[in-house]
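> Fold the following for me, if possible:
(4 chains)
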Amino acid sequence: MENVVCTFCGSVCDDVQFDTQQYKGKKFCALGMSKFSAKERIKSPMIDGKAVSYEEAIDAAVDILVNSKKPLLYGWASTVNEAIRVGVILTEKLGGIYDQCSSVCHGPGVLSTIEEGLPGGTLGQVKNRADVVVFWGSNPMEAHPRHPTRYSVTAKGFFVKDRKERKVIVVDVRKTKSARLADEFIQIKPGYDYAIFSALRMLVKGEEIEAEEVGGVSVSKLAELAETMKNAKYGAILYGLGITQSRGRDRNIENAVKLIQLLNRYTRWIIWPMRGHYNVVGAGEVPAWEVGYQYAIDFSRGYPRFSPAEFAVSEALLRRDCDAALIVASDPVAHLPKKAVEHLKSIPVIQIDPFPNMTTLISKVVIPAAITGIEAEGTAYRMDGIPLRVKKVVDSEYWSDEKILHEMLKRVEVRMGFS
Amino acid sequence: MMVLKPKTDFAVTVEAEITPELATMSVEEASKFKVYHGREQVSLGELFEITKEGDDKKLVLEGDFSRVKWIGARMEDGEIIVKGSIGAHCGAYMKGGRIEIEGDADDWLGAEMSGGEIVVKGNARNLVGCAYYGDMKGMSGGRILIEGNAGNYIGEKMAGGEIEIKGDAGDFIGTEMTNGVIIIHRSCGFAGGDMKGGEIRIGGEFDLLPSFKKGDEGYVGDINVGGKGVIRQI
Amino acid sequence: MGIMNLHIKNGIVIDTKNGIKAEKMDIFVKGGKIVQESEIEGDVKVIDASNKLVVAGGVDMHAHIAGSKINSGRTMRPEEMRIVRQTAGKLRTSMGRVLLTSPAIGYEYAKMGYTTSFEAASPPIGSLHTHEELDSIPVIDKAMLPVFGNWHLVFKYTAEKDTEKMKALIAWAIERTKGFGVKVVNPGGVEKWMYGGNVTSLDDPVEYFNVTPREIITELVKATEGLNLPHSVHLHCNRLGVPGNYETTIETMKLVSGFKNDERQVLHVTHVQFNSYSGSSWRDVGSGADEIAKFVNKADNITIDMGQPVFGHATAMTGDAPFQFNLHKLLGAKWINKDVELETGAGIIPLVYLPKNPVHAVQWAIGLELGLLTDSDKVVISTDFPNGGPYTKYPYIMAMLMSAKMREKEIANASPYIQKATNLPSIDAEKTLEETIHMTRALPARILGLQTKGHLGVGGDADIAIYDLNPLEVDPSTEYEVVEKALSTPIYTIKGGEIVVKDGELVQEVWGRTYWIDAMSQVSTEVIEEDLDDYFTHYYTIQRYNYGVEEAWLRAPEKIVVG
Amino acid sequence: MPIEVEIITGRTIDQGRTVEEKLSEEYFKAVSYCELSKDDFEALGLNEGDRVKIKSDFGEVVVFARIGDLPKGMIFIPMGPYANAVISDDTDGTGMPRFKGVKAIVDRTDEEVKRIEDLI
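Residues are numbered from 1 along each chain as shown, chains lettered A, B, ... in the order given. Predicted coordinates for the structure are as follows:
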């Protein structure tokens, strides 16, 4: 099969091939290759570890959800928009909390967009035009292995035809694999991205800085960077978790956006996050059009409210502000801070996922799902928002996320008197 | 005066937008006041024991209110005494009156308040006197005193009034503030990013941004926005 | 409730397409269509419309209701989204002040008696997203217009003056995007923005591609007319939002003087208010509406819509990215920009129109001037939602056009600058109710080429609005408050034969269709195969195989075959 | 002598490759280690395969130690359950825990590295 769409990372490569007979991929990176390979599955729906039918598991799940005062519905980044949409409506009807993986990934980027916007562009713009690319706190070589060749480093485009015509800079606190790929690596002190962006804004405007160094980098070095940025014809900052998960979080990005706003007064620059999961963008876009917000949404009053400080998954758990959880296509037990997991362990958890993981170990109801992109189709948004239809390439007995959630929604509407 | 005590440990957080106005009602009337416990809308009397002593506009909260949100939101006068700790959004949009918290305060204390006074004997968490998501202006008047420490994002987009913290504060103090005063007696992280006006007084150490210049009064900035804010060491 | 037969009895019908001017008559509905009385059999629900105005459902031909632009706007503006219009229950929760959630968009149109709306600009590569949002909007019928004016392949065929290739590209792109027509936004200017520029006239060359806006527009009109699409080229002119731009707008309209189409206009110029400024800066900005209206009235092949600003909150969102950057600098506002590879760009900025602000007041006055001075058969009511404000204010705009007295009252609240900068204060003209009904129903349906919309003749879609207004008795000139209120809250909105709104309240949710145009039989895409392959192999970041939208992915597609 | 460090967590190819097989030996191997600078590694007297105990204000965890290309005083742990035992759960009002830049103490230990299942 040609033109298969990879459902691992936010690069969503749509030029890969998959041999359904041998269950093996071609042209994939190491991450995609592992995604498109046979591995252990959850064998059947389970309640308290005992195998049951889909219908029984869904009934048990619905029981938990309608009896809870405020369920948390979390995950979503590794499934398709069609399933996410049902999930948002389900949360709305249940008066629960909808949150998705961004809240431990690029959620701060949403907060910065609220403050300052997001001057951006698609990855094709980077490929075709960017003569300066700055990876800031991002490490594509390990997180998005084909990103550099397809879009951002060696990619050949309409105006920038060659790697030699593009300057690649990595800014990070450690010398990552991506740093070795760059023309220049600028090592900074952890926690000082914000101050460095402030310094670059000063330097771009031609203001003098009294200090000799900022965030572990000499001001003369920063002045050089500012000059490179001003002299670019079309530049791009592609940022990663290095600035969203460290000191400053959203404020780092906000300050970076202000730098980009300023640079656009001299030349053209864009900034864009290096989103992780293949459809984490959809997990934010779908609720945005359905209910107005991207993540951390509480429906307990019958209408959506947005507040990451309270309703992001970590906060909802730390504040004990949910008394049941439905986890879809995610593994919060493996990816949340220990203390947040403690509360999750104390409430009834329902899991929908193709693969057993750490959350399976604490779940009361486990519902196995078809693997999206292999056994189920649907729409996903690449990290830059480009929509792509992921494909079903093999048949499976497993139900899709969309079908499972739709069955849940139907029952919830009946139980809550909405139908 | 009206006294409220939680009857149980709540399953999830409770949202109770009560103000001293409640104390002017009879116990029976007050019991009927609607609050949220998760998606369930319940009456105040279901969750709290309510007693009344005299007619003054004063609310006393006894027991654990650390998971009760929006207490004193939009209040205009009267007094609230919290014997323990209080949940998020306490005194948000407050216009007048007084709130005293003997324990700790959660996030969004006095967010967008325009008048009145809040005193916290313990610590406060984040977003004290801040603007809500997407709003242009944080606290614009009144006074917040925190005798312990405070968290991050204090007085963001502050446009007036005063916040005083006797202990340490976290990161990003007075970001984008335009007016008002923030006093931190001990240390904090970054202060005054993109501030246009107002004053931040700091007793201990802090992270000075490269976009401030030393003047006679202290550090002036943020130069990136042509700001005339002042950060002064006390 | 299901589809039922309806008998709408004794209503006062205005149906300009069929020449019905406020006549008492009955309307019959079966299977979602308007039928003859004789076709009705079995159970019939009778709606007593005695002394009530009965008209076709409104048609919004230009609004930004779906896709990455409005959705990015929602993300950037939680302050817009937290207004609660309806809590969750049987129906969906409905949210938003001017920007709205998808359920709110459908509900609010229905609650105003509108049943069709067109998304006015979608980046072709993002069309699947646009359709996902359209599919999440309840009640109304819809369609979307992909943008062409800055597409590299359009530049290429413009430079080559190859109409056959341009036709093939348009037909191919509309089929791939499941789009409806040819939208053009600041042709050439957005490409120049990719390196920080913009065009300043119709003859500015676009570097590298060796084309000018004049050539791009001309070639696109030529190809669109060659294909005889139901809708003409739908143009957002160059120099939008620049004082003095009215001259460019007129010059642009002159470009189509040699084209003629028996069915419709050959050029629809959209949200013209933003392109009708005289003066040389914001300090001396004035109205060029008079000149524009004169030109349009004389031309028999051009239509326009108003792009009327409404005082209050709005969000600017357009493919005109360089304009949005200027607005960002002007207002110091937060700013989303989205460059879209090889095709287009976009920008989003929050803004608010203040009556006392001289510029805003001038913009407001110009919109109304255009509505008043242009023939009612050539100007459609629009706010360019959400650029000029909420579409829920259409009844306000209708009332304003019908009442000089109402305008006088509003003018008194606006900046006095409009007295010298615009003609509005001296305009006495008043549109009739029939004319404003025409400008919101039959006219937009005709401009879009929708045969079954905007009228109540047999065979038409049973999209009907019934308002508490007796056109035989009401005097809109003096009773403007009554008129505005009545038009804002229909007694009934019927969509496809189903009652969705009763007494201003939503009673059920139905799902409309998505129209799209298939003109593929008229072209051979062979002529552009090589170029498509070249672009997808070398410059796009997605495979050609994965480009576009299949019909099966849409909720309720309705294909219109052309040729 | 224990040393003071700052913890950075992040993705690695091996963590990504095994992320859908969380209960496998490969995933365990991919996430149950930390990298230290050569200087710190030697200062703690470590050899390949040795274990260290990391303690922060938020918890402690035992992991295998490796040398990485890091500045002195910084350790790197692949994102996952071992890292999450010691990173900061405090979101500082942002909803985002602090996965990077958390202060900790690292010392050599003879304690075993817990299996994934035993971490819960």
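
> Just the strands from chain D, written as ranges.
D:3-10, D:33-36, D:51-56, D:59-67, D:74-78, D:102-109 (DSSP state E).

> Which of those sits closest to chain C?
strand D:3-10 (25.4 Å; CB to the nearest CB). Where C-beta positions appear, they are placed from N, C-alpha and C, glycine not excepted.

> Now tabulate the strands of chain D in CSV and tack on distance to B:Gly122 and mean pLDDT.
Formatted as CSV, the strands of chain D follow (distance: least, CB to CB, whole Å; pLDDT from 0 to 100):
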stretch, distance to B:Gly122, mean pLDDT
strand D:3-10, 29, 96
strand D:33-36, 36, 97
strand D:51-56, 24, 97
strand D:59-67, 25, 96
strand D:74-78, 34, 97
strand D:102-109, 24, 96
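
> Distance to C:Ile560 for the ones you listed - can I get that in TSV?
TSV is the format used below for those (distance: least, CB to CB, whole Å):
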stretch	distance to C:Ile560
strand D:3-10	52
strand D:33-36	62
strand D:51-56	64
strand D:59-67	63
strand D:74-78	55
strand D:102-109	60
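
> closest to C:Gln308 out of the ones you listed?
For C:Gln308, the closest of the strands of chain D is strand D:3-10, at 51.8 Å, according to CB to CB.

> Pairing partners for that closest one, with directions?
Looking at strand D:3-10 with DSSP bridges, its partner strands are strand D:74-78 (parallel), strand D:102-109 (antiparallel).

> Of all the residues in chain D, which one is nearest chain C?
For chain D, CB to the nearest CB, closest residue to chain C: D:Gly95, 13.6 Å.

> Quick one: residues contacting that residue.
By CB atoms under 8 Å, 6 or more residues apart in numbering or on different chains, D:Gly95 lies in contact with A:Ser103, A:Gly107, A:Ala296, A:Pro308, A:Ala309, A:Phe311, A:Ala312, A:Val313, A:Ser314, A:Glu315.

> Turn the strands of chain D into TSV, columns for mean neighbour count.
Shown next, in TSV, are the strands of chain D (neighbours: other CB atoms under 10 Å in any protein chain shown):
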stretch	mean neighbour count
strand D:3-10	22
strand D:33-36	24
strand D:51-56	20
strand D:59-67	19
strand D:74-78	24
strand D:102-109	18
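
> what's the closest of these to D:Ser24?
strand D:74-78 (14.7 Å).

> The closest one to strand D:59-67, inter-axis angle?
Orientation note: strand D:74-78 sits at an angle of 100 degrees relative to strand D:59-67 (axes from the mean of the first three to the mean of the last three CA atoms, to 10 degrees).

> neighbouring contacts of strand D:74-78?
A:173-174, A:190, D:5-12, D:14-15, D:30-31, D:33-37, D:40, D:54, D:63, D:68, D:70, D:83, D:86, D:104, D:106.

> quick revisit: by neighbours, which of the contacts of D:Gly95 wins?
The most crowded member of those, judged by other CB atoms under 10 Å in any protein chain shown, is A:Val313 (32 neighbours).

> OK, contacts around it?
When contacts are counted by CB under 8 Å, 6+ apart, A:Val313 touches A:Leu72, A:Tyr74, A:Asp99, A:Ser103, A:Val104, A:Pro332, A:Leu336, A:Ala340, D:Gly95.

> give me phi/psi at the first one?
Okay, so that is A:Leu72. Main-chain torsions, A:Leu72, degrees, to the nearest 10: phi -100, psi 130.

> Which residues are in contact with it?
A:Leu72 neighbours (CB under 8 Å, 6+ apart): A:Gly96, A:Ile97, A:Asp99, A:Val313, A:Ala316, A:Leu317, A:Cys322, A:Ala324, A:Ala325, A:Leu326.

> Please identify the helix or strand for the third one.
Element membership of A:Asp99, judged by DSSP states H and E, is strand A:97-100.

> Can you verify my assumption that B:Asp106 contacts B:Ile86?
Yes - applying CB atoms under 8 Å, one finds B:Asp106 in contact with B:Ile86, separated by 6.6 Å.

> can you give me how far stretch C:421-433 is from the chain middle?
Centroid separation between stretch C:421-433 and its chain, computed with CA atoms, centre = their mean, to the nearest Å, is 23 Å.

> Hmm, I typed the wrong one, I wanted stretch C:241-250.
For stretch C:241-250, the distance to the chain centre is 21 Å (CA atoms, centre = their mean).

> Check stretch A:340-351 too.
Relative to the centre of its chain, stretch A:340-351 is centred 22 Å away, using CA atoms, centre = their mean.

> ok and the residue in chain D nearest chain A?
The nearest approach of chain D to chain A comes at D:Gly95, 2.8 Å away (CB to the nearest CB).

> ok, back up a step: what packs against the helix or strand just after the strand holding A:Asp99?
Note on strand A:97-100: by DSSP H and E, the next helix or strand toward the C-terminus is helix A:107-116. When contacts are defined as 3 or more CB pairs under 8 Å, 6 or more residues apart in numbering or on different chains; DSSP states H and E, helix A:107-116 packs onto helix A:241-244, helix A:249-263, helix A:308-311, helix C:68-76.

> Please report how far D:Tyr33 lies from A:Val12.
30 Å (CB to CB, to the nearest Å).

> again with C:Lys21
For C:Lys21, the distance to A:Val12 - CB to CB - is 56 Å.

> Just send the helices and strands packed on helix A:107-116 back as CSV, with distance to chain B and mean pLDDT too.
Shown next, in CSV, are these (distance: least, CB to the nearest CB, whole Å; pLDDT from 0 to 100):
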stretch, distance to chain B, mean pLDDT
helix A:241-244, 14, 96
helix A:249-263, 6, 98
helix A:308-311, 5, 98
helix C:68-76, 8, 98
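
> export these to TSV and tack on distance to C:Lys405?
Output for these, formatted as TSV (distance: least, CB to CB, whole Å):
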stretch	distance to C:Lys405
helix A:241-244	57
helix A:249-263	46
helix A:308-311	50
helix C:68-76	36
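
> Quick check: which of those helices is nearest to D:Glu111?
Nearest to D:Glu111, of the helices and strands packed on helix A:107-116 and by CB to CB, is helix A:241-244 at 29.5 Å.

> Spatially, what comes nearest to A:Leu123 if we skip its sequence neighbours?
Take A:Leu123 and drop its neighbours on the chain: the residue closest to it by CB to CB, 6 or more residues apart in numbering or on different chains is A:Tyr151, 4.1 Å away.
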